Every structure is written in structure tokens, then in C-alpha cells.
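1. fold the stuff below for me.
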Amino acid sequence: MKGKSQQKDTNQEPTKSELEILQVLWEFGPSTARFVNDHLNQHTRQVIYMSTLKLMQIMVEKGFLKKDESQMKHIYWAAQEESKTKSLLLDRVVDTIFNGSASNLMMQLLGNKKMSDQEMETFRELIKKIDEK
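-> As a prediction, the model looks like this:
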């Protein structure tokens, strides 16, 4: 696929609306703006097609998306992997809100959310793996 990206600032973070679009593209892969808009309307919130299209065009300019213009219907896809973007955003949250302390973040998460037994077991297994290193 051909795509152009004119990334202006590599330190930019996606907005909430941009993250909603990225979530659709990460889940379903390369898609048209119409597909993304329809999915947002069905599963997230009501949005106008032209607003979604314009935001996706801006995201291409910012370097968050890439676009294939070789067909009549343009196809968009995320420029970065989901895990990389989420990791960068989480690092910023830990640094700015929790003074760089991942343990403070975890304590906040555990205090605010009720974990299921399965989630708690997964969490215990993760801690065991970390301890083994």
C-alpha cells in the first residue's frame, strides 16, 4: 500500500477522539473513513462522517495514520503499533501524574477498580514472572 505521512511533531499525543479512531483501526486493520465512522456511531458515540474524515486527514498530517490513495476509496491504517502507542501514553501518565512511580500507579488502579478473581490471578502470575527475573 502506498501512503504518505508528513509527521509534524513526533512528541504529539493523540487526543481522545483520535484514540477512538486508532482503536477501530487497531481492532479491524486498514479501513475506510466510512467504516470507522459507522463503527464509532454504533459502538462509541454519534459522530458526523465529515468530522471523522477531517480528523483522519489531520491524523495523517500528524503522522498518526497512513493513507492509501491509489483507490477511489482511501484506506487508512495506524502508523504505529497499538502496543507502542499505549506504552508511550502510559509512560507519560506514570511520569506526569505519578512522579515516575509505576508502583503508585498500580496502587491507584487496585484501589479504584474491583478486580475479578481471574484478573487477580493474572496479576499474581505477572508479579511472579517479574520476581523470577
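2. mind listing the helices for this structure?
-> In the chain, the helices defined using DSSP state H lie at 16-28, 33-43, 49-62, 82-97, 102-112, 117-132.
3. for Ser17, grab the count of nearby residues.
-> Neighbourhood size, Ser17 [other C-beta atoms under 10 Å]: 16. All C-beta spots, glycine's among them, are computed from the backbone N, C-alpha and C.
4. now do the buried residues in the lowest-mean-pLDDT helix or strand in the chain.
-> Lowest mean confidence among the helices and strands of the chain (mean pLDDT, DSSP states H and E): helix 102-112, at a mean of 81. By neighbour count on 16 or more other C-beta atoms under 10 Å, the buried set for helix 102-112 is empty.
5. mind checking which of the helices of the chain is nearest Met72?
-> Taking C-beta to C-beta, helix 33-43 is the member of the helices of the chain nearest to Met72, at 12.0 Å.
6. what is the distance between the closest one and the centre of its chain?
-> Distance of helix 33-43 from the chain centroid (C-alpha atoms, centre = their mean, to the nearest Å) equals 16 Å.
7. tell me what that helix is packed against?
-> helix 16-28, helix 49-62 (3 or more C-beta pairs under 8 Å, 6 or more residues apart in numbering; DSSP states H and E).
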